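Enquirer: One predicted model, sequence on top.
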Amino acid sequence: MESQANNDPIDLDRILVLKFIAILLARGVFCQKMNLKCIWSLQYGINIVKELMSRNNFTKIMKYLRHDNKQVRRNSVVSDNKGSIGEVY
């Protein structure tokens with residue numbers, strides 16, 4: 001995957017994507033109301049999350065992750081304010 005804004009390469013392999021999903025699941029199970037950044041905190045964080053991936057790598061993946069087509073998104077956002085996520089739900 002490559003960012004479209006500044007072409008910073010993001011090296012994603014299957015294992016890294018699975019770790020990313022595991023962190024999302026861990027957050028949903030253990031700390032739904034906790035701010036995402038707090039999952040990596042020394043005091044309140046989840047140890048396994050810290051071992052799986054750094055917060056910087058996690059936020060980098062979140063920043064560039066998209067689930068839609070850019071051309072379709074432009075059209076759907078005009079007609080539907082939930083156009084970018086509508087098909088997911």
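Expert: Looks like it arrived, so ask away.
Enquirer: helices and strands around the host helix or strand of Leu24, which ones?
Expert: Using DSSP states H and E, Leu24 sits in helix 14-30. If you count contacts as 3 or more CB pairs under 8 Å, 6 or more residues apart in numbering; DSSP states H and E, helix 14-30 packs onto helix 47-52, helix 55-64. Yep, even glycine has a C-beta here, placed from its N, CA and C like the rest.
Enquirer: For my notes, please list those in a markdown table and give mean neighbour count and distance to Leu12 for each entry.
Expert: Below are the helices and strands packed on helix 14-30 laid out as a markdown table (neighbours: other CB atoms under 10 Å; distance: least, CB to CB, whole Å):
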| stretch | mean neighbour count | distance to Leu12 |
| --- | --- | --- |
| helix 47-52 | 13 | 14 |
| helix 55-64 | 14 | 7 |
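Enquirer: quick revisit: residues making contact with the helix holding Leu24?
Expert: Met34, Leu36, Ile39, Ile46, Ile48, Val49, Leu52, Met53, Asn57, Phe58, Ile61 (CB atoms under 8 Å, 6 or more residues apart in numbering).
Enquirer: and the second one, how many neighbours?
Expert: Which is Leu36. Leu36: 14 surrounding residues under other CB atoms under 10 Å.
Enquirer: wait, what's in contact with it?
Expert: Counting by CB under 8 Å, 6+ apart, Leu36 touches Arg27.
Enquirer: roughly how far apart are it and Asp13?
Expert: From Leu36 across to Asp13, the span is 23 Å (CB to CB, to the nearest Å).
Enquirer: low-confidence ranges in the protein?
Expert: Applying pLDDT under 70 to the chain picks out residues 1-10, 66-89.
Enquirer: now do 80
Expert: Along the chain, segments meeting pLDDT under 80 span 1-12, 31, 64-89.
Enquirer: ok, back up a step: want to try CSV for the helices and strands packed on helix 14-30, with distance to Val29 as columns?
Expert: Compiled in CSV, the helices and strands packed on helix 14-30 are given as follows (distance: least, CB to CB, whole Å):
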stretch, distance to Val29
helix 47-52, 11
helix 55-64, 17
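Enquirer: end-to-end on stretch 22-40?
Expert: In stretch 22-40, first residue to last residue: 14 Å (CA to CA, to the nearest Å).
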